[in-house]
Each structure stands twice: as C-alpha cells, then as structure tokens.
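*Asks:* With the input below, show me the fold.
(chains A, B, C and D)
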2 protein chains.
Amino acid sequence: MRATIKDVARRAGVSPKTVSDVMNLTSPVTPPVRARVEEAIATLGYVPNLSARGLRNGRTGLIALALPDLSTWYSAEMAHHFVQAAGRRGLSVQIEETGISGDRERQLVSRTRAHLIDGLILNPVILDSVPELSGSALPPTLFIGEVAQSVADHVWIDNVGASREIVQHLIELGHGRIAALGVMCTETSRLRLVGYHEALERAGIGRDPVLEIANDVWRPEGGYAAITAFLQSQPLPDAIYCFTDSMAFGVISALRSLGYQVPEDVSVVGYDNCADGQFTSPPLTTIDFDKAAYADIALRLLTRRIGQPDRPVEVVTVPHRLTVRSSSRSRSNNPGP
Amino acid sequence: MRATIKDVARRAGVSPKTVSDVMNLTSPVTPPVRARVEEAIATLGYVPNLSARGLRNGRTGLIALALPDLSTWYSAEMAHHFVQAAGRRGLSVQIEETGISGDRERQLVSRTRAHLIDGLILNPVILDSVPELSGSALPPTLFIGEVAQSVADHVWIDNVGASREIVQHLIELGHGRIAALGVMCTETSRLRLVGYHEALERAGIGRDPVLEIANDVWRPEGGYAAITAFLQSQPLPDAIYCFTDSMAFGVISALRSLGYQVPEDVSVVGYDNCADGQFTSPPLTTIDFDKAAYADIALRLLTRRIGQPDRPVEVVTVPHRLTVRSSSRSRSNNPGP
DNA sequence: CTGAAAGCGCTTACAG
DNA sequence: CTGAAAGCGCTTACAG
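*Replies:* Sure, this is the predicted structure:
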C-alpha cells in the first residue's frame, strides 16, 4: 500500500495538518519539524493522492486538450506547445481526439465535464451548435481555432486576412488561375475560402468554382488524392493554395509523381507553417504564427477563467505573417501584373 | 454549483446508493425507479465527480503516456494510436513529454506517480538506470520502444533484426558505401547500429566509422544538418540508412538542395513507416509495423498489470516488415552482387 | 506554531 | 430491492 499523509505524520511525530503545511506552505513550520517531516516523506516514499486532493480542493491540475487528429502536423505541433505551456504552469494535459465528427465533439464536451479536469481547450471542427454549450455546468472552456461563438474565451488567427494575404502574394507573382484546395463544410474552410475570394475580387479576377477543390481529409493523402482527381479533368492551375501545409505536402508529392515541377510549372502554398514545411521539396510558402505564444496565451486565459468563472469572455487574435519560401515563384512566361 | 449524487437522490426520492446502482449497474433497480433516477440525472445535469470516484475506487480511468517529443512524426502517430486504443477501453490519456533528458524521465516516473493516473506507458530515450524504477511504489508501468530492462512489461520491435534487413536490402541493391545516420547515445541508436553492423559483416563489407554519422536531433532538421555537414568533407555514399523516417525526410531535402537526385545518385531509407513517408519525394523505403496493434497490445498488457500488479513481467515483440518504395534502387552503374 | 474534527462526493459492505 | 453508515486521503476553518 502507498503511504498516506497519516503514515508520514505518525513517523514524523506530528499531525497530518503539519505534513500538509510542509507540502503546501500553508502556514510556517519550524525548521526542525520541517526536517523531520521531509525525512519521513522521503523514507516512506510518500506521494500525495491527487484524487483526494482534487476532491477536497475542487482542482486536479489537469486540463483537457481536444484536437481533431493528433497524427496531423498541425495538431502534433500544437499538442507539443500546449503540453509545454501547461507544464510551465504546473498543469498536466489530457489529450482527446475529436475526429471530424460534430457528435463526438459535443459528446466530448459534456463527457469531459465528468472527468477530472479543471478546464477544457477545444479545437472544434464542426460544432455549429456551440450555443448549447453555454447551458448548465460546463467546465471552464476555451476555444482555439475557427468557430463562430461568443460564449467562451477564444484564441485564433485572422483566417480571412491571412488567406487574403497569401492569395495576394500569388497574384503578385503573376498567377491568375489559382486553385483553393481543402474546401469542406467547416468554419476553418469557410473563412479561408472567404479570404481567397476577397483577394481575387480585389485584384479583379473572377471566381471559377471549378478551382475550388473539395477535400475533407486535411492530411497529405487528402491533398494527393484531390489534386490527382482534379488534374484528370482540368488543366494545371498557375498556383494551388492548400488550406494546410500537410495537404500541400501531399499535393507536391502528387504533382511530382505526375511529372510536374514545383514551382517551375505551378506554385504551391500552404497554411500553418508547420516545422516540416521547411523540408518539403521545395520548401513551402505558408502562413506563419507563433505557436508557443498561441499556446501560452490560451493557457493564460484558461487559468484565469478557472480562477474567475464569471469574468467577461475574451477573444484574442494572434498575429500571423506570410512566410515566403521557394514553393512559390513568378510565372516565368507571364511575369506579374 | 454542480449537482451531486445526493441532489439526484433527493430529487428522485431515493437514496444515493440507488443512484450509484443505476449508474454503475451494481445491483438491479426496478424500471420505474430507474426511470425516476435517470430523469433526475438529466434535469439536474448531474455528472459524477471523478475525483471522488477515484478516491473511493483507487482508479481514475486515466493513464499517462510519456513520449520524447510530440512534434515528431513518430510520437504523433503513436500518440494517436494510443489515444484511440485507450478510448476503446474507456481510458483517457494524459500526455507527458520527456525530451531527451534522462533526468526528466526519472523525475517524471516518480512525479507521475503523484498524479491521478492508474498506469504509465513510458517510451524512454535515455533511462539507463531503469533498475531503480523497481523500487518502492511505482504505478503500473509499461515500457515501449528500446530499453534494456526486465522489471516491467515491455512492447517493442526487433530493432537489430529490422535494421539488418533494411541494410541487407541496400546491399542487395548493389550498394557498398552505406552510411548510417542518427548515431547517438541511446539504446535505440545502439540497437539499430548493431543491426547495421551485422548486415555489413554478413555481406563481408568492412565497417567504415566515417560512415556512422552522429546526430542526436531525430527530426528533419537534424537529418538535414548532419548530412550537409558530412558532405562537406566526404564523398556521397551509395546509400544512407536514416534511423527514422523524419530524419530521412530532412536528408532528402538537403540532398535535393545540394543538387543530388534520390534515388538516382543515392538511395535513402528510413525506419518506422510513418504515414508521411509515403509523400516524400520520392516515397520512402522503410521498416513498417502495425502501430494500431502495437498500441492495443500495450494497453492490454497495462490494463492487465493494473488489475494484477503481481503477475509476471511480459515482453512482446511486435512483428515488422521491410517496405520498399522508390527512395531505394539499384546502383545504375554497379548492379548488385 | 500545532492538533482534532469535519467534510469534499463518491461506493461498498451491512442491515432490513 | 433499498437505506444508513463508514471511509477513501486529503485540507481548512477552528481551537488551543
């Protein structure tokens, strides 16, 4: 059996309260007593039972992070930064994967409440029915990513602006037939498409629905399959704006196996600036943002929320910037406008 | 305030025990009573407090998964499979990142014990001092990956055999100057190097220490930097065996930016068969194993261990297979022996 | 500065 | 089939 606080108290010849005081610095303890307690803790190998502490304090030091799919570049990097940021605050992270099912997300939010967590960071994909989250006793919740809601704290990127900038970049390079790849029924996709439309419109380029390529598998295989299918019936666009770096990775792979050169024949750009995007051949032009800062801000908001459940809702937009690498370049035979 | 079991009991006009019985199927409850209880649970939005349940039962339904670095292809994929496998068993997963520091790993194992977890899955990198783990009240622990120990359950791959096979494959393709990339002071690196040596020896090829390229950053940037530095003083090898797919990804990127063609000028192979390895240009030859099965076996062993702490230690070797893709091919001007 | 007591919200023998 | 009571291991007022 694991030693309890009583065992430690007995061995040190003090009461459980004093042991608790030594561990939690709740009230001062004289050095000799402290030493005796610490010795007892060490020899018994005592470790506090966090379930008991959690029951008593109403806090466990555990938060949940719900991401669509851990095996994705984006989620993996974000998970890394969130675990790091949480660690700095003495919190542990329970990971949940929501897939792309809205059902699972909603279920998760309520089931998670059942769990031992102090708070929830949720990166929704579907979750249109966010308002219903406001009901009853939700744990402190923070959204990351794209979701139209105003009931909980929220950290995100200006997707429309970022999208517009990267498409503008392609237009400035002289590209006119620009495809958007990754169109699906999520808020993220919708906003990135809006930015794409705005950039075209500002440049006076008409939309061509054919160039809005549907794909709901936001991983390399999705990009690979979507562009391969597209090219069976359509000519090569001037440029392809992929809604994530990982799709761009798959698109580059597909293009190469079809015999096209990137960027000579077609420019390809992504979104997220995942670390791996530097190593695609060629390295990816993409939208960058500071992921460590993003995670840190999210954790700061969440811990505040945990401390003060009734504070007003906050929304933070993390700055982004266009990062140009060699996967995009001007049309050789048709230099920019 | 969140409703408690007492609130539900009062509203349903029963005792807390009956509510517990309804939730846990502990003992039969008549349909009408069950209906009343369920109605009360629904209208109060009752969710059991898992800290309390954990304190009472000695189980929280939480396990910890400690991986070196989540932002790595390998760790991210494994995390995904472990979260899925745990979910199937009704368990949640707390993620810890150990980095490559042995200190942190040891600290983690004991600190984690303090946490609310029922068990620990640990993928050690350094941890030479595993024996000390056997002391005192460790939580049920299972090792995954390469570690020389016999105090805890263990799931792994035959690294020496796998390594030998992939190097043999390169030798059969006619390559003689085969580099090994990723040499560092870990058990994983050591075993993969042993397999490399065995393959060379069996083929009667002498070792060349120059071809054993050190690199302790097992990510694309590590592979990129290591091969770039190597090629400043050495001629291009016939083939490069990278100890992970992600290093191979960086190596391919570096080779391409130096003007070399893979596999025309040099074959490059990896290890782990991460999903992304299919989309490198060219797709990677690698060592494959069933990651979902791997996670499932690990969880089966761990849940058994949690149930029966004193059962004998088990070690499971998960089968692997060589997966040949286009990143490796025979030397054009020097066909195989 | 330290101790004895109560209680966090569950579940499990134990009665009825 | 249901209820009253005890207890899991902590911490926090409350006394001394």
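
*Asks:* Now the residue positioned nearest the centre of chain A: which helix or strand?
*Replies:* Compute the mean C-alpha point of chain A, and by CA atoms, centre = their mean the closest residue is residue A:78, 4.7 Å away. Per DSSP states H and E, residue A:78 falls inside helix A:73-88.

*Asks:* and that helix, anywhere near chain B?
*Replies:* Yes: applying CB under 8 Å from any CB of the partner chain, one finds helix A:73-88 in contact with chain B at A:73, A:75, A:76, A:77, A:79, A:80, A:83, A:84, A:87. The way it works is simple: take the backbone N, C-alpha and C, and place the C-beta from them, glycine included.

*Asks:* Excluding chain neighbours, give the residue nearest to the fifth one in space.
*Replies:* Across the structure, with CB to CB, 6 or more residues apart in numbering or on different chains as the measure, the residue nearest residue A:79 apart from its sequence neighbours is residue B:70 (4.9 Å).

*Asks:* Residue A:157 versus the residue nearest to the centre of chain A, what's the distance?
*Replies:* Distance, residue A:78 to residue A:157, using CB to CB, to the nearest Å: 12 Å.

*Asks:* before we move on, back to that, can you verify my assumption that the residue nearest to residue A:79 contacts residue A:76?
*Replies:* Yes: contact between residue B:70 and residue A:76 holds when scored by CB atoms under 8 Å: they sit 5.7 Å apart.

*Asks:* tell me which residues in the helix holding residue A:78 are buried?
*Replies:* A:73-86 (16 or more other CB atoms under 10 Å in any protein chain shown).

*Asks:* contacting residues around it?
*Replies:* Identification of contacts with helix A:73-88 by CB atoms under 8 Å, 6 or more residues apart in numbering or on different chains yields A:63, A:65, A:67-70, A:92-93, A:95, A:121, A:123, A:144, A:244-246, A:249, A:272, A:274-277, A:291-292, A:294-296, A:298-299, B:69-73, B:75-76, B:79, B:95-97, B:276.

*Asks:* and residue A:301, how many residues sit next to it?
*Replies:* 24 (other CB atoms under 10 Å in any protein chain shown).

*Asks:* Any figure for the gap between it and DNA strand C?
*Replies:* Going from residue A:301 to DNA strand C by CB to the nearest atom of the strand, to the nearest Å gives 26 Å.

*Asks:* Chain neighbours aside, what residue packs nearest to that residue?
*Replies:* Distances taken as CB to CB, 6+ apart place residue A:153 nearest to residue A:301, at 4.6 Å, with adjacent residues excluded.

*Asks:* Look up the residues forming beta bridges with that neighbour.
*Replies:* residue A:142 (DSSP bridges).

*Asks:* All the helices of the stretch 201-337 of chain A, residue numbers only.
*Replies:* Along the stretch 201-337 of chain A, counting by DSSP state H, counting those that start in this stretch, helices occupy A:220-233, A:245-257, A:291-307.

*Asks:* Make a markdown table from those helices and add distance to DNA strand D to it.
*Replies:* As requested, the helices of the stretch 201-337 of chain A are exported to a markdown table (distance: least, CB to the nearest atom of the strand, whole Å):
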| stretch | distance to DNA strand D |
| --- | --- |
| helix A:220-233 | 47 |
| helix A:245-257 | 43 |
| helix A:291-307 | 14 |
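
*Asks:* can you pull out the strands in the stretch 1-150 of chain A?
*Replies:* Remark: strands assigned in the stretch 1-150 of chain A by DSSP state E, counting those that start in this stretch are A:62-67, A:92-97, A:119-122, A:141-144.

*Asks:* which one of the residues of helix A:73-88 next to chain B sits closest to residue B:265?
*Replies:* Nearest to residue B:265 among these: residue A:73, at 28.2 Å, using CB to CB.

*Asks:* The closest residue to the closest one other than its chain neighbours and residue A:283: what is the separation?
*Replies:* In this structure, residue A:73 finds its nearest non-sequential neighbour in residue A:274, 4.0 Å apart by CB to CB, 6+ apart. With the distance defined as CB to CB, residue A:274 ends up 12 Å from residue A:283.

*Asks:* Tell me which of those two has more neighbours.
*Replies:* Neighbour count, other CB under 10 Å: between residue A:274 and residue A:283, residue A:274 has more, with 26 against 17.

*Asks:* one step back: which among the contacts of helix A:73-88 end up buried?
*Replies:* Buried among the contacts of helix A:73-88 (16+ other CB under 10 Å): A:63, A:65, A:67-70, A:92-93, A:95, A:121, A:123, A:144, A:244-246, A:249, A:272, A:274-277, A:291, A:294-296, A:298-299, B:69-73, B:75-76, B:79, B:95-97, B:276.

*Asks:* So residue A:244 sits against residue A:216, correct?
*Replies:* No: with contact defined as CB under 8 Å, residue A:244 does not count as touching residue A:216 (12.0 Å).

*Asks:* so where's the stretch 51-200 of chain A shaky on pLDDT?
*Replies:* Applying pLDDT under 70 to the stretch 51-200 of chain A flags residues A:100-115, A:127-138.

*Asks:* how near is the residue nearest to residue A:79 to residue A:289?
*Replies:* Using CB to CB, residue B:70 is found at 18 Å from residue A:289.

*Asks:* got it, and residue A:267?
*Replies:* From residue A:267 to residue A:289 the distance is 21 Å (CB to CB).

*Asks:* Neighbour count for those two, which is higher?
*Replies:* Neighbours of residue A:267 and residue A:289, each counted by other CB under 10 Å, are more numerous for residue A:267; the result is 26 against 18.

*Asks:* Please name the bridge partners of the more buried one.
*Replies:* Legend: beta-bridge partners of residue A:267 under DSSP bridges are residue A:239.

*Asks:* and it, what does it touch?
*Replies:* For residue A:267, the contacting residues are A:170, A:173, A:175, A:238, A:239, A:240, A:285, A:327, A:328, A:329, by CB under 8 Å, 6+ apart.

*Asks:* Please tell me how far it sits from residue B:259.
*Replies:* 22 Å.

*Asks:* swap in residue A:141?
*Replies:* For residue A:141, the distance to residue B:259 (CB to CB) stands at 52 Å.

*Asks:* Would you agree residue A:91 is in contact with residue A:61?
*Replies:* Yes: using CB under 8 Å, residue A:91 is in contact with residue A:61, at 5.6 Å.

*Asks:* okay, and the common contacts of these two?
*Replies:* Joint contacts of residue A:91 and residue A:61 (CB under 8 Å, 6+ apart) are residue A:118.

*Asks:* Quick check: residue A:198 vs DNA strand C, distance?
*Replies:* For residue A:198, the distance to DNA strand C - CB to the nearest atom of the strand - is 50 Å.

*Asks:* got the residues of chain A near DNA strand D?
*Replies:* A:1-2, A:4-6, A:16-17, A:19-21, A:23-24, A:26, A:46, A:48-49, A:52-53, A:55-57 (CB under 7 Å from any atom of the strand).

*Asks:* pretty sure residue A:29 is in contact with residue A:21, am I right?
*Replies:* Yes: the criterion here is CB under 8 Å, and residue A:29 meets it with residue A:21 at 5.2 Å.
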